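>>> need the 3D shape of this:
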Amino acid sequence: MNHLLGKLKSDRRAISPILATIVLIAITVAGGLLVYNVFFATAGAVAARTQIEIESVNMVKTTSGATVFSITLQNTGNKFLNSVTYTVTGDTGTLTATLNNLQPGQSLSDTKTNPAGFSVTPGKTYPVSITATASDGSTAQYTSSVLASSG
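Numbering: from 1, shown residues only. Model prediction:
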């Protein structure tokens with residue numbers, strides 16, 4: 001019987017220490033690459049932001065009575081903006097316009113002269129609201145104001 005047990009024990013073979021080391025290294029490298037990919041994919045998504053900044057905004061009521069509104073916006077985020085809509089509420093009427101396709105870091109300007117049904121009073125401040133919509137559907141909203149001047 002002892003002879004049989006001895007025979008069974010001697011038939012079992014273990015893997016060599018070198019092969020075991022190679023397998024463990026491969027598992028470690030694969031796990032490290034997986035953690036690396038998950039971390040940087042998540043970090044990139046968290047760092048992405050929709051952001052817009054007003055570089056300049058002016059509203060002038062000319063001596064002839066014309067209203068001139070101008071605005072320059074810059075995409076200060078790191079997402080492509082499909083559209084940026086701005087709205088200014090005057091004494092009478094609302095001025096709304098949309099600028100399209102704004103790359104990160106890019107600036108766009110828009111000027112409106114005598115918008116129909118829109119009037120302002122020099123020396124008065126008017127609200128400006130901006131909604132930026134990114135290519136992934138996320139939005140950002142900002143509000144500011146502009147002082148109407150005479151010129």
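>>> can you spell out which helices and strands pack onto the longest strand along the chain?
Identified as the longest strand of the chain according to DSSP state E is strand 139-150. Counting contacts by 3 or more CB pairs under 8 Å, 6 or more residues apart in numbering; DSSP states H and E, strand 139-150 packs against strand 52-61, strand 125-134. For glycine as for every other residue, the C-beta is placed from the backbone atoms N, C-alpha and C.
>>> so what strands line up beside the last one?
Read that as strand 125-134. strand 81-89 (antiparallel), strand 139-150 (antiparallel) (DSSP bridges).
>>> which of those sits closest to Gly31?
With CB to CB as the criterion, Gly31 lies closest to strand 139-150 of the strands paired with strand 125-134, at 37.8 Å.
>>> can you list contacts of that closest one?
The contact list for strand 139-150 (CB atoms under 8 Å, 6 or more residues apart in numbering) reads 50-52, 54, 57-63, 69, 77, 88, 120-134.
>>> kindly report the same for stretch 21-30.
So stretch 21-30 is contacted by Ile15 (CB under 8 Å, 6+ apart).
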